[in-house]
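Undergrad: Below are the sequence and a predicted model; questions follow.
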Amino acid sequence: MAIINRDQDISEQIVDFNAVISTAVGASAGAGFHVLQMPWPGTLQGVAIAANSVSGAPVVSVDIKRFTATGVTTIAFVGSTLAVLAFGLSAPYTMIPLAGGVSAAGSTLRQLQAGDVVVVNQLFSGGNVAISNAVVTVCVNAVQDIKKHFNIAP
């Protein structure tokens, strides 16, 4: 069922999910961290990340993993890469833009199903590049008024 509540502003349809990656993340490319499992269908709007103990210039990307009876499908590099910003810097936190490229507006790659997993991947490697205690925010636009969490009916 589409959102039909005309009293609900477009900004009220967006839900922010937060996750903390508390493990110290060393300098090894390819590690992935599951930050959200979608409880209901929605449209991915963006991902933001900030961390303590940023060393060097760490960069991450975002994938979506969809698990089905036949295996896992990975929707790779949704949006663009994202530089990790240290807490306390006098600059705005960065959000992965989802305009253009693989995730252009209207692209089905941004459509999340219940059970999809949003994954943050390390792209950095080499000496003196690391982060710890990263806070990840995933912004999702709800596509339904009435939501079944993980397809569980009340």
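TA: Alright, I've got the coordinates.
Undergrad: which strands and helices sit next to the worst-scoring helix or strand of the chain on mean pLDDT?
TA: The helix or strand of the chain with the lowest confidence, counting by mean pLDDT, DSSP states H and E, is strand 85-86 at a mean of 78. Packed against strand 85-86, as judged by 3 or more C-beta pairs under 8 Å, 6 or more residues apart in numbering; DSSP states H and E, are the following elements: strand 42-55. Every C-beta, even on glycine, is put in place using the N, C-alpha and C of the backbone.
Undergrad: And the strand it packs on, what's buried?
TA: When burial is assessed from 16 or more other C-beta atoms under 10 Å, strand 42-55 yields the following buried residues: 42-51, 54.
Undergrad: about what we covered before: within its sheet, name the partner strands of the least confident helix or strand of the chain and how each one runs.
TA: strand 42-55 (parallel) (DSSP bridges).
Undergrad: Can you pull out the low-pLDDT segments for the protein?
TA: Screening the chain residue by residue with the criterion pLDDT under 70, one finds the ranges 1-12, 23-29, 88-107, 125-127, 145-146, 150-151, 153-154.
Undergrad: Surely residue 140 and residue 41 touch.
TA: No - the pair residue 140 / residue 41 is not scored as a contact, 9.4 Å apart, by C-beta atoms under 8 Å.
Undergrad: quick one: which of these two has more around it?
TA: residue 140 (24 against 18; other C-beta atoms under 10 Å).
Undergrad: Name the nearest residue to that one, sequence neighbours excluded.
TA: Nearest in space to residue 140, with sequence neighbours left out and distances taken as C-beta to C-beta, 6 or more residues apart in numbering, is residue 42 at 4.0 Å.
Undergrad: Provide the partner residues of the one you found in its beta bridges.
TA: In this structure, residue 42 has the following beta-bridge partners (DSSP bridges): residue 112, residue 142.
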